[in-house]
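In: got a sequence here, can you model it:
(3 chains)
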Amino acid sequence: MDKLKRRSLKVLGASLGAGAFAVAMEPLRAFTAGLTLDQFLRSHFRELDPEELKDLLSRLEQEASEKIGRPVTMRADPPIEGVQFGYALNLSVCVGCRKCAEACHIENNHDRATNNSYIRVLEMDQGSLDLERGNADYDHPVPQPGKYYLPIQCQQCENPPCVKVCPVEATWKEPDGIVVVDYDWCIGCRYCEAACPYHARRFNWTAPVVPPAEVNTDQGYLSNRIRPQGVMEKCTFCLHRTRRGEMPACLEACPTGARVFGDLADENSPIRWVLANKRVFVLKEELGTRPRFFYFFDK
Amino acid sequence: MSRSPSSAPPESSTSSGPPPPSTRGGHQPDAPSYFLFLWRAFRTAFDGRWPYYAWMTLLTICALIGANAWAHQVADGLVRTGMSDHVSWGFYIANFTFSVGLAAGAVMMVIPAYLYDDHEMHDVVIIGEMLAIAAIVWCLGFVIVDMGRPDRLWHMLPGLGRFNFPRSMLTWDVVVLSGYLVINLHITGYLLYMRFLGRRPAKRWYVPFVFVSIGWAVSVHAVTAFLYAGLGGRPFWNSALLAPRFIVTAFVAGPAFIIVLLEVLRRVSSYRIGLGPTRTLHQIMKVTVAANLFMFASEVFTSLYAGGAHASAVQYLLFGLHGKSGLVPWMWTAIVMNVASIIILLLPRSHQDGRLLAFACVLAFIGVWIEKGMGLIVPGFVPSTLHELVEYTPSWTEWRVSLGVAAAGLIVLTVALKIALAVLTGRVTIEGYVPSIRPPAPAREVAAE
Amino acid sequence: MPHPTTRTLAWLAVASSLVACKEDVPQAWAAPASASQPLPIEVRQPLKLTSIETHERDSLGRPVRIACTTCHSLKTTAPMPTSPADLDEFHQGLTFRHGSLACASCHVAEPESGPLLHLADGQRLPTSQALRLCAQCHGPQYRDFEKGAHGGLEGSWDDGAVRTKNHCVDCHDSHAPAIPKVIPAAPPRARDSAEGTPDHG
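Out: Numbers count the residues shown, from 1 in each chain, chains lettered A, B, ... in the order given. The predicted model follows:
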């Protein structure tokens, strides 16, 4: 009798526990509801054959279009053979207006609430390259006397620490030098964010929100399509634009012409002229990351 | 949740290879007896007196609270945590790091037992191995709750996904942690199964694994240190002293936990636990607590005396920087606790007074938890790589999820110890099963090697 | 007994140094794949070089501009003033912050001669070629401009495609060339500042 009572108590306890577990896990439903088996089993971007890639892009295009009620183009332009992208920025003429950061925000479909952007502009003391004395939150008319302005975005390192540390190869360096992220492969461990010495990587702490009317419909798989929740993202030198010959959005937005973008492999390109004729430097050179983003002063 | 943790390894002892030579009676190991072992272990986990049920119910409630908070976090995103793009790792990874240390520190019972032939330690070494298993559950738990996309965990599986080995230190960590789990499951599972059968364990089936586990324990924690030390962009972590510091703190936290655990087991279990192991662990802690304080001091000196960019994280940690000082009270608490603990450990009275010793262990444990958890992770991010100062405080979600993970690990530890002690005291054998509601049978001598 | 840690560590050391070695060797940029003939870069011709803004709008709402020659080909110009303060009929209220230059440093006093500008050597210059006028003092900027490193290059980075760049006066007011102060776009917000911790829920 006592044994029976004991056993039924145990069964009751176990079923109570199982029930409570089901209740506790209930919020997960909201997450799994938005996740199809297809998405769950999607292959790594670099393992897709051309046919699969085409299917994937048209499906993503359709999903994105339905979501905002406007046609979206979703492309995955391959790197142009022989082209090596590089960027240079003239610190003597940059006035710190953050127009580049704003253009990035719009071009790359960044979350509106956080005013996210891949570019951070530091207001620096003249005569110092000590980032510790920089300020990214300035909000007064610029340029201020005695200051210069240092926009920092992904440096597209030749030896990228972020790529090295990724446990699942969700981020890699493309043949044209751009470090990209497969948003559908990233597991969100944020090791790359810890490894990056330039604060170039951003995490989607929640699903980004862009009002449908403001969405940039010219989208790239590896660049500015709206990112899922819980994955990393970063500057790609606007590869959805640059891989078809256009300039990055930040360059076109710059009112002072401080930015020089181009093909490092083309010895007649303006950027090669800058590298050869200006005294350029890179950020945190001592770390051996070998950036493809160069800074220079005129005077 | 209460499945026997020793389900995997003994397969190797039953299926792969000839049965170990029997030197002293007992039953032949075969599949039915193995399943009987599992079944009786399972029953033991659900059997106990009311304090056991109360304790397990409490842990289950805590685990459920954590599960619920985690489910919300997965649905809404890590926006529910206090982390940001500036401080992109926080409480979870801090606890992960500490847990790896606990797992590695548990081996501090194995070394005296096997390398120095400490017989008394031999009797209780299984407790340390069980702690290692529970600590790995904590590690895995804290890593999984920190992931932005836990649904993509399979991307890490070699073969199915893309495992960036050997380039990524995180993949090394996965390898060493899962290897360590398997080794410890094998050793404990095998020893208990043999005990269950009433046979003397064959050395070749576990002694090599014990030695592997000693080396492995060090590598587990060294790899975790390299995870941070290898990042050139984070001066606070980019130090060659980090791995030695990790090992030393592991040998503070592990023994501290075990001393207290042994004290608890002496009270709640009929298993005879001598004072020898506690004495040995006490001696170990005298060295490691002091060594840890020394290493910490030399890190602080190197940073602050030289100054520059390397100093700012230490300055933030100990004194605050530009008016931000979130970690300062915590860090000084940790230092005071560590200093107090070494003073108590060195007092001759702590050798006689079990309570005083336990108090010193609790101080050292919490001290290391602060210092090596939040005190290590957060200053890696504050100031950020662009020298911005954004502070971090764990959110309630993080506290709740961490509570849940801690409870899950404690459930594993409790159940594992329950089964282990039931087998070691001879209440659970191939011949029979003595439910623990009856007065426990007199403790049997533990097989001496 | 073989000690696995030693091997693990040796492996680690060898593997990581190999990986690191390879990545630290600087690579030479490959030669361009196709040496297409570069197209010349087009320099924008801002309207303000040849016409002046009025405050009027035509029936379609477009701003009405008046060509410089409208007045300067018909009307005899008063003698060249020495400073903008002396302007009393036309071009009044002109702000001038361009070093110690006088009006006559760049402008031509005799109206009937056609071109309204002159170089330092006295050579006459139509307003549409103001670039050369700027270049005679701002040599380094002009050199950078020629090489595509000053003035912003738009359209494409590819020298086989159509590219345009700004004219000096697109960005600089020739009478006050320093770029004026602006209110910057909003700074990014750290996501934690929006929420505060500990959270609820």
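In: can you give me the strands in the chain?
Out: Reading this off chain A. Shown for chain A, the strands assigned by DSSP state E span residues A:73-75, A:85-90, A:120-125, A:147-152, A:171-173, A:179-181, A:201-203, A:218-220, A:232-234, A:259-263, A:280-281, A:293-296.
In: actually it's chain C I care about, not the one you picked
Out: With DSSP E as the criterion, chain C has strands at C:42-43, C:51-57, C:63-67, C:117-118, C:124-125, C:153-154, C:164-165.
In: out of those strands, nearest to chain A?
Out: Nearest of the strands of chain C to chain A, taken as CB to the nearest CB: strand C:153-154 at 6.0 Å. C-beta coordinates here come from the backbone N, C-alpha and C atoms, glycine included.
In: for the closest one, packing partners?
Out: With contacts taken as 3 or more CB pairs under 8 Å, 6 or more residues apart in numbering or on different chains; DSSP states H and E, strand C:153-154 sits against strand C:164-165.
In: as JSON lines, the strands of chain A with distance to B:H322 and mean pLDDT would be great.
Out: Below are those laid out as JSON lines (distance: least, CB to CB, whole Å; pLDDT from 0 to 100):
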{"stretch": "strand A:73-75", "distance to B:H322": "45", "mean pLDDT": "95"}
{"stretch": "strand A:85-90", "distance to B:H322": "27", "mean pLDDT": "97"}
{"stretch": "strand A:120-125", "distance to B:H322": "15", "mean pLDDT": "96"}
{"stretch": "strand A:147-152", "distance to B:H322": "18", "mean pLDDT": "97"}
{"stretch": "strand A:171-173", "distance to B:H322": "33", "mean pLDDT": "96"}
{"stretch": "strand A:179-181", "distance to B:H322": "32", "mean pLDDT": "97"}
{"stretch": "strand A:201-203", "distance to B:H322": "24", "mean pLDDT": "96"}
{"stretch": "strand A:218-220", "distance to B:H322": "40", "mean pLDDT": "96"}
{"stretch": "strand A:232-234", "distance to B:H322": "28", "mean pLDDT": "97"}
{"stretch": "strand A:259-263", "distance to B:H322": "31", "mean pLDDT": "96"}
{"stretch": "strand A:280-281", "distance to B:H322": "27", "mean pLDDT": "96"}
{"stretch": "strand A:293-296", "distance to B:H322": "26", "mean pLDDT": "97"}
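In: export those strands as CSV, with columns for distance to chain B and mean neighbour count.
Out: Listed next are the strands of chain A as CSV, based on distance: least, CB to the nearest CB, whole Å; neighbours: other CB atoms under 10 Å in any protein chain shown:
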stretch, distance to chain B, mean neighbour count
strand A:73-75, 21, 17
strand A:85-90, 15, 25
strand A:120-125, 6, 21
strand A:147-152, 6, 22
strand A:171-173, 10, 19
strand A:179-181, 12, 23
strand A:201-203, 5, 24
strand A:218-220, 21, 20
strand A:232-234, 8, 24
strand A:259-263, 19, 26
strand A:280-281, 16, 14
strand A:293-296, 14, 21
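In: out of those, which gets nearest to C:H107?
Out: Of all the strands of chain A, it is strand A:85-90 that lies closest to C:H107, at 30.8 Å by CB to CB.
In: go through the strands of chain C and pick out the most buried.
Out: Among these, ranked by average contacts under mean count of other CB atoms under 10 Å in any protein chain shown, first place goes to strand C:153-154 (a mean of 23).
In: tell me the mean pLDDT for that strand?
Out: For strand C:153-154, mean pLDDT rounds to 88.
In: hang on, the earlier thing: quick one: closest of the strands of chain C to A:L122.
Out: Across the strands of chain C, A:L122 has its closest neighbour in strand C:153-154 (24.9 Å, CB to CB).
In: other residues contacting that closest one?
Out: The set of residues external to strand C:153-154 that reach it, using CB atoms under 8 Å, 6 or more residues apart in numbering or on different chains, is A:247, A:251-252, A:257, A:260-261, A:270, C:41, C:163-165.
In: now these as a markdown table including distance to C:Y142?
Out: Below are these laid out as a markdown table (distance: CB to CB, whole Å):
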| residue | distance to C:Y142 |
| --- | --- |
| A:M247 | 22 |
| A:L251 | 21 |
| A:E252 | 23 |
| A:G257 | 13 |
| A:V260 | 16 |
| A:F261 | 21 |
| A:P270 | 14 |
| C:I41 | 14 |
| C:R163 | 18 |
| C:T164 | 17 |
| C:K165 | 12 |
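In: of these, which one scores lowest on pLDDT?
Out: Here the lowest pLDDT out of the contacts of strand C:153-154 sits on C:I41, with 86.
In: tell me how many other residues crowd that residue.
Out: Applying other CB atoms under 10 Å in any protein chain shown, we find 19 residues neighbouring C:I41.
In: for it, what are its contacts?
Out: C:I41 is in contact with C:148, C:153, C:163-165, counting by CB under 8 Å, 6+ apart.
In: how about these in CSV, adding distance to A:V165?
Out: Formatted as CSV, the contacts of C:I41 follow (distance: CB to CB, whole Å):
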residue, distance to A:V165
C:G148, 37
C:L153, 36
C:R163, 39
C:T164, 42
C:K165, 40
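In: widest-spaced pair of those residues?
Out: C:G148 and C:T164 (11.1 Å).
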